[in-house]
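1. predicted coordinates and the sequence they were generated for:
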Amino acid sequence: MKFLEIYKKSDKPVISFEIFPPKTANGIEKLKTVLLELSTLSPDFISVTYGAMGTTRDKTIDISNYIKNQLKIETACHLTCVGAGRKEIDLFLTKIMTHGITNIVALRGDPPAGEKNFIPPDDGYTYANELVHHIRGFEKRNTKFNINFGIAIAGYPEKHLEAPNLETDLENLKRKVDAGADIIITQLFFDNNHYFEFVRKVRNIGIDIPIIPGLMPILSAKQILKITTMCGTNFPDNLRNKLENSADNDAYAEELGIKQCIKQVKDLLENGAPGIHFYVLNKSAHIKRILNSIN
Ligand code: FAD
């Protein structure tokens, strides 16, 4: 089922998970166990990220294929503009099609570590709106396949790191929607006011597609501080203070993360969010507790 069908058909909030491809064969086996545990929570879909420099391209497809065709759970492959020209993008689209995968999270990707500017690959793209446009063009160029992908794009309630301000970032978000995106999944945030304000501003510029809040429950102090710094998400002082008092205590951080996430989820769903996309970091126990507690 494609993204829009999932969100239109569901009479309850849509629950989705995002996982990343592990580097080793052993890691992939472990992930399969986690996926089995996650599958007991009946997610509406599980998306699989696409590694920096396109390094995990094949693993992204293989794991999505496993989710879709072994676990029989709807899936989405992430695809970025990094390291792939138009031919490689078409090859990727053809491959996922052969596995029956119909959902894509279309992204630009980040510049390599240490570099400030994104340099497009030869014959490739600089921005995600061009990638979305390419995917819609692929459908038109290959009418014999009769394919129509569900396309999700990224949205940034606290603006993308490189954008000069939120208004400019929203204009660029609109380019992706106009190019043919179906839904927006947000960057992680810890203050729901950022999401509600973002939704209001996005609607004001005429975008009416679903906006799915992305939440990352905290699992460790070090990890969450690194991730929020990297992606430009504000980490509230009250959480920071609590974590700094017990910097190496992951069990404490996880408990705090579960409580914080339950609070956010309840407020988001009570105030109209169409579902929650959980960045689960390839773990399941914390997500189980969060979902059980919100029933
Ligand atoms: P864009 O929408 O292209 O925006 C990038 C920057 O350029 C923004 O500042 C924007 O304002 C500006 N901009 C956009 N279009 C234009 C234009 N036409 N002209 C001028 N300026 C423009 N990264 C991965 O490597 N793999 C993943 O699997 C992955 N999954 C993600 C999933 C989600 C839900 C999110 C929120 C992020 C994910 N990322 C992933 C991170 C993402 O690749 C980075 O945040 C990246 O820096 C921007 O990607 P984007 O698609 O938002 O880019």
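-> Nice, thanks for sending it over.
2. Pro210 contacts His277, correct?
-> No: Pro210 is beyond contact range of His277, at 10.7 Å (criterion: Cβ atoms under 8 Å). For the C-beta atoms, the positions are set from N, CA and C on the backbone; glycine is no exception.
3. ok, these two, which is more surrounded?
-> Remark: of Pro210 and His277, His277 carries more neighbours, 26 against 18, as counted by other Cβ atoms under 10 Å.
4. confirm that one sits in a strand?
-> Yes: under the criterion used here (DSSP: H, G, I helix; E, B strand; the rest coil), His277 sits inside a strand.
5. going forward, begin numbering at 797 instead of 1
-> Yep, numbering from 797; the last one is His1073 now.
6. how much space between it and Gly905?
-> His1073 is 18 Å from Gly905, where distance means Cβ to Cβ, to the nearest Å.
7. likewise Glu911?
-> In this view, Glu911 and Gly905 are 12 Å apart by Cβ to Cβ.
8. these two: which is more packed in?
-> Between Glu911 and Gly905, counted using other Cβ under 10 Å, Gly905 has the larger neighbour count: 21 against 9.
9. skipping adjacent residues, who's closest to the more buried one in space?
-> Thr876 (3.1 Å; Cβ to Cβ, 6 or more residues apart in numbering).
10. what's the answer for Thr852, then?
-> Pro817 (4.3 Å).
11. quick one: residues contacting that neighbour.
-> Neighbour list for Pro817: 824, 827, 844-845, 847, 852, 855-856, 858-859 [criterion: Cβ atoms under 8 Å, 6 or more residues apart in numbering].
12. again, only using 7 Å
-> 844, 847, 852, 855-856, 859 (Cβ atoms under 7 Å, 6 or more residues apart in numbering).
13. repeat that for Leu831.
-> By Cβ under 7 Å, 6+ apart, the contact set of Leu831 is 863, 867.
14. wasn't it part of a helix?
-> Yes: using three-state DSSP, the assignment for Leu831 is a helix.
15. per-residue pLDDT of it, please?
-> The per-residue pLDDT reported for Leu831 equals 98.
16. could you do the one 10 residues further on as well?
-> According to the per-residue confidence, Phe841 scores 98 in pLDDT.
17. that one and the ligand, how far apart?
-> 13 Å (Cβ to the nearest ligand atom, to the nearest Å).
18. count the neighbours of the residue lying closest to that residue once chain neighbours are set aside for me.
-> Nearest non-adjacent residue to Phe841, counting by Cβ to Cβ, 6+ apart: Glu870, 4.0 Å away. A total of 22 residues lie near Glu870 under the criterion other Cβ under 10 Å.
19. kindly report the same for Lys808.
-> Neighbour count for Lys808, taken as other Cβ under 10 Å: 8.
20. Leu889 too?
-> Applying other Cβ under 10 Å, we find 21 residues neighbouring Leu889.
21. OK, contacts around it?
-> Leu889 sits next to 931, 934 when contact means Cβ under 7 Å, 6+ apart.
22. secondary structure element holding it?
-> Using DSSP states H and E, Leu889 falls within helix 882-894.
23. near the ligand, which residues of the stretch 947-1091 of the chain?
-> Applying Cβ under 6 Å from any ligand atom, we find that the stretch 947-1091 of the chain lies next to the ligand at 950, 956, 958-959, 964-965, 968, 971-972, 981, 983, 1010.
24. list only buried entries from the residues you listed.
-> 950, 956, 959, 965, 971-972, 981, 983, 1010 (16 or more other Cβ atoms under 10 Å).
25. so which of those residues belong to helices?
-> Using DSSP state H, 965, 971-972 are the members of these that sit in helices.
26. quick one on the thing from earlier: if the residue nearest to Gly905 is in a bridge, with which residues?
-> Judged by DSSP bridges, the bridge partners of Thr876 are Leu903.
27. check contacts around it.
-> Applying Cβ under 7 Å, 6+ apart, we find Thr876 in contact with 846, 903-905.
28. same question, Ile1058
-> Contacts for Ile1058 (Cβ under 7 Å, 6+ apart) come out as 1086, 1089-1090.
29. same question for Asn938.
-> Residues near Asn938 by Cβ under 7 Å, 6+ apart: none.
30. look at it and report its pLDDT.
-> Looking at Asn938, the pLDDT reads 94.
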